[in-house]
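[1] Got a sequence here, can you model it:
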Amino acid sequence: MMKMNEIVVVEGRDDTAAVKKAVSCITVETHGYGIQKETWDLLDQGYQGPGLVIFTDPDHAGEQLRRRLTQKYPEAKQAYLDWEDARKEEDIGVENASPEKIREALKKALRREDSEREDRDSFTMEILLAENLSGCSQAAQRRRALGKILGIGYGNSHRFLEKLNGFHVQKEEFYEALRTIQHPEDSSGK
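    Model prediction:
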């Protein structure tokens, strides 16, 4: 079983149960947006110690919580599930994902841990436009497919740009993922 030193931050006990089926780690549950002082203390300790991996649900509430946690812990790693991988009927959450999908999301977050880059905010709207990720009829579909491959999920053009930079996606990783979604007639060759 995959073992992690970092503390995995989840929303609730069902998320903890699902994560622990996939990896050996310590989790801290926020129990939603109204985080208690004791939980903040645990998160502070984890952030200053082994580090945090933020792993919230890919729904609106989970994204709000992720933004709040990332604001307080900007160097925390980010693990993300695509909503299709976290869905069970009408419920969307980490607790619904398979152990394989959870491990995959956590591995992607850990691979980016040493990505201290000079070009941290290197992705621009111009890149999204040039790669048909904004401003064309297929842009949303392409962002969804690319977000799934990169493990950062879907977002509108502006949110997707924030995720590319905020999740420290490497340009090499970005262009490799783009190649996998290109149509055969597409000859961008990047």
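
[2] Return the list of strands paired to the longest strand seen in the chain, each annotated with direction.
    Counting residues, the longest strand found in the chain (DSSP state E) is strand 2-10. Using DSSP bridges, strand 2-10 pairs in its sheet with strand 23-29 (parallel), strand 52-54 (parallel).

[3] among those strands, which is nearest T39?
    Between T39 and the strands paired with strand 2-10, the shortest separation by C-beta to C-beta is 6.5 Å, and it involves strand 23-29. (Glycine included, C-beta is placed from N, CA and C.)

[4] That closest one: how far from the chain's middle?
    Taking the mean of its C-alpha atoms, strand 23-29 sits 17 Å from the chain's own mean (C-alpha atoms, centre = their mean, to the nearest Å).

[5] list the buried ones in that strand?
    Buried residues in strand 23-29, counted by 16 or more other C-beta atoms under 10 Å: 23, 25, 27-29.

[6] circling back to that earlier point, what's in contact with the longest strand of the chain?
    Identification of contacts with strand 2-10 by C-beta atoms under 8 Å, 6 or more residues apart in numbering yields 16, 19, 22-30, 42-43, 46, 49-56, 69, 76-77, 79, 94, 103, 106-107, 110.

[7] Kindly report the same for stretch 124-140.
    With C-beta under 8 Å, 6+ apart as the criterion, stretch 124-140 contacts 142-143, 146, 154, 156-158, 160-161, 178, 188, 190.

[8] picking that back up, from the buried residues of strand 23-29, which is closest to L150?
    Taking C-beta to C-beta as the measure, L150 lies nearest V23 of these, at 20.1 Å.

[9] Residue ranges in the protein under the pLDDT threshold?
    Within the chain, the ranges that satisfy pLDDT under 70 run 112-121, 166-167, 183-190.

[10] Okay, helices next: where are they in it?
    Taking DSSP state H, the helices of the chain run over residues 13-22, 37-48, 60-72, 99-111, 125-130, 139-150, 157-166, 171-181.

[11] okay, the angle between the second one and strand 2-10?
    Spelled out, that is helix 37-48. Relative orientation of helix 37-48 versus strand 2-10 (axes from the mean of the first three to the mean of the last three C-alpha atoms, to 10 degrees): 140 degrees.

[12] what packs against helix 37-48?
    Applying 3 or more C-beta pairs under 8 Å, 6 or more residues apart in numbering; DSSP states H and E, one finds that helix 37-48 contacts strand 2-10, strand 23-29.

[13] could the buried residues of strand 23-29 go into CSV alongside distance to E11?
    Below are those laid out as CSV (distance: C-beta to C-beta, whole Å):
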residue, distance to E11
V23, 17
C25, 15
T27, 10
V28, 10
E29, 7
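
[14] picking up where we left off before, any chance of the helices and strands packed on helix 37-48 in JSON lines, with distance to H60 too?
    As requested, the helices and strands packed on helix 37-48 are arranged in JSON lines below (distance: least, C-beta to C-beta, whole Å):
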{"stretch": "strand 2-10", "distance to H60": "17"}
{"stretch": "strand 23-29", "distance to H60": "19"}
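
[15] Good, we can wrap up now.
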